[in-house]
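Colleague: Sequence first, predicted coordinates after that:
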Amino acid sequence: MTKKIVSDLDLKGKTVLVRADFNVPMKDGEITDDNRIVQALPTIKYIAEQGGKVVLFSHLGKVKEESDKASLSLKPVAADLSKKLSKEVVFVPTTRGEQLETAIKGLDEGEILLVENTRFEDVDGKKESKNDSELGEYWASLGDLFVNDAFGTAHREHASNVGIASHLETAAGYLMDKEIKYIGGVVENPDKPVVAILGGAKVSDKIGVITNLLKIADKVLIGGGMSYTFFKAQGKEIGQSLLEEDKVDFAKDLLDRAGDQIVLPVDCKVAKEFSNDAEISVVSVDDIPADQEAMDVGPKTVELFKEQLQGAHTVVWNGPMGVFELSNFAKGTIGICEAIAELKDANTIIGGGDSAAAAISLGYADDFSHISTGGGASLEYLEGKTLPGVESISDK
Ligand code: ADP
Ligand code: MG
């Protein structure tokens, strides 16, 4: 189903409620990574330029009790937004009531207001997180139209996304639209051949993703910590490497069914300790020493995966190939970034929080067609689930 996007709406003079994702990391009241704010700017600017009155909503962190509120105010976000937009952003330090209503009524065309953290409503009965119907209806009553640009929250059914959407004409913002096109495109109608690369820590986190991508992809390349459970299933010695004993049967079953659709590493980097100072050796996956732990794929695996990627029209990647946070075990992940960067004609997509962070921190942010901004949401999307935040957007 094709969803409405913000450019389909007649915005002039309208009060436009916008759900953005300003759930940014903060330390002592300072924003430490503003990527999500940057990504929200195109939609906000567009609505303001079209003469809409912009009312922004977002959650920030988890608000369990009254005392959490002090450190989880969105006030610093309003200041940062104002700087980035070079215009005033009115901050209203509450989520309901006369002060909010009066401030919204006072907006002129093109002006911008930010409402306090939607999860302040969670202190009294989790109204935001449980999609309390009265709350969604109340927020919706404050505007004429709704634009949902918070992909990172799309796998949740909250009052500030699904609740508001059930009362107003709703469109995707530009960021949401991009996520639907790229991540949704992989699961719904990918350009073939499709190669999926899966890694990361645990098989158990990725069962849904592996199962669904096996239905879609021509090849599924499996690296990272999860690959050792597959090697165990093949009866190999995996030493001290990550193992999920209770997923060995699942891995065995997949290997039996998938045949050569699944491609596993051929070599790995092992060490005695989980440390950057540990002595490293590269061994075949058939020769992992009993007292060592495999923490990255080896160079032959990078070459093998590179070959498998040739000719792919769609590449979807979730999960680092190794413990990329330690520079000595980042080479496998870097190698895959490089291999993907060389694929000029393919649609290349990363889903998953740590995978996205890895590609960005290693310097490959511009080498992918799309790096998802939603960790959990992108995983659920790749599992083939429908996301309530996406579903609730009006159809064209
Ligand atoms: P994503 O967030 O992209 O879905 P995951 O959370 O599944 O990815 O996995 C990321 C984590 O997996 C990283 O912290 C990385 O250090 C870890 N990891 C990758 N390979 C290994 C390995 N061989 N041994 C232990 N941990 C690993
Ligand atoms: Mg993760």
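Modeller: Cool, got the structure. Ligands and ions are numbered 1, 2, ... in the order given.
Colleague: Any figure for the gap between the residue of the stretch 101-250 of the chain found nearest ligand 1 and residue 42?
Modeller: Ligand 1 sits closest to residue 200 of the stretch 101-250 of the chain, with a gap of 2.4 Å, by Cβ to the nearest ligand atom. Where you see a C-beta, it was placed from the backbone N, CA and C, and this is true even at glycine. Taking Cβ to Cβ, to the nearest Å as the measure, residue 200 falls 30 Å from residue 42.
Colleague: what does residue 130 give?
Modeller: Relative to residue 42, and taking Cβ to Cβ, residue 130 is found at 31 Å.
Colleague: Contacts only, for the residue of the stretch 101-250 of the chain closest to ligand 1.
Modeller: 206, 224-226, 318-320, 352, 354-355 (Cβ atoms under 8 Å, 6 or more residues apart in numbering).
Colleague: Return the subset of those lying in helices.
Modeller: 206, 354-355 (DSSP state H).
Colleague: TSV for the residues you listed, including distance to residue 66?
Modeller: TSV is the format used below for these (distance: Cβ to Cβ, whole Å):
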residue	distance to residue 66
206	38
354	33
355	37
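Colleague: Can you say which helix or strand has residue 270 in it?
Modeller: Using DSSP states H and E, residue 270 falls within strand 267-271.
Colleague: From the contact counts, what lies against the very next helix or strand once past that strand?
Modeller: Going down the chain from strand 267-271, the next helix or strand is strand 280-284, by DSSP H and E. On a contact count with 3 or more Cβ pairs under 8 Å, 6 or more residues apart in numbering; DSSP states H and E, strand 280-284 meets strand 267-271.
Colleague: List only those of the ones in helices among the contacts of residue 200 flagged as buried.
Modeller: The neighbour-count criterion (16 or more other Cβ atoms under 10 Å) marks 206, 354-355 among those as buried.
Colleague: Please list which of those residues also come close to ligand 1.
Modeller: 354-355 (Cβ under 6 Å from any ligand atom).
Colleague: Turn the buried ones among the ones in helices among the contacts of residue 200 into JSON lines, columns for distance to residue 250 and pLDDT.
Modeller: Output for those, formatted as JSON lines (distance: Cβ to Cβ, whole Å; pLDDT from 0 to 100):
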{"residue": "206", "distance to residue 250": "11", "pLDDT": "95"}
{"residue": "354", "distance to residue 250": "22", "pLDDT": "92"}
{"residue": "355", "distance to residue 250": "22", "pLDDT": "93"}
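Colleague: of the buried ones among the ones in helices among the contacts of residue 200, closest to residue 171?
Modeller: Nearest to residue 171 out of those is residue 355 (Cβ to Cβ; 28.8 Å).
Colleague: ok, residue 385 - how many residues close by?
Modeller: Counted with other Cβ atoms under 10 Å, residues neighbouring residue 385 total 14.
Colleague: Same check on the one 5 residues further on?
Modeller: Using other Cβ under 10 Å, residue 390 has 22 other residues around it.
Colleague: quick one: it from residue 188, how far?
Modeller: 12 Å.
Colleague: Just the pLDDT for whatever residue of the stretch 151-300 of the chain ends up closest to ligand 2.
Modeller: Here the stretch 151-300 of the chain gets closest to ligand 2 at one residue, residue 200, 6.4 Å apart by Cβ to the ion. pLDDT, residue 200: 96.
Colleague: those helices in the stretch 1-150 of the chain, which residues are they?
Modeller: Using DSSP state H, counting those that start in this stretch, the helices of the stretch 1-150 of the chain run over residues 35-49, 75-85, 98-105, 133-140.
Colleague: All set, thanks.
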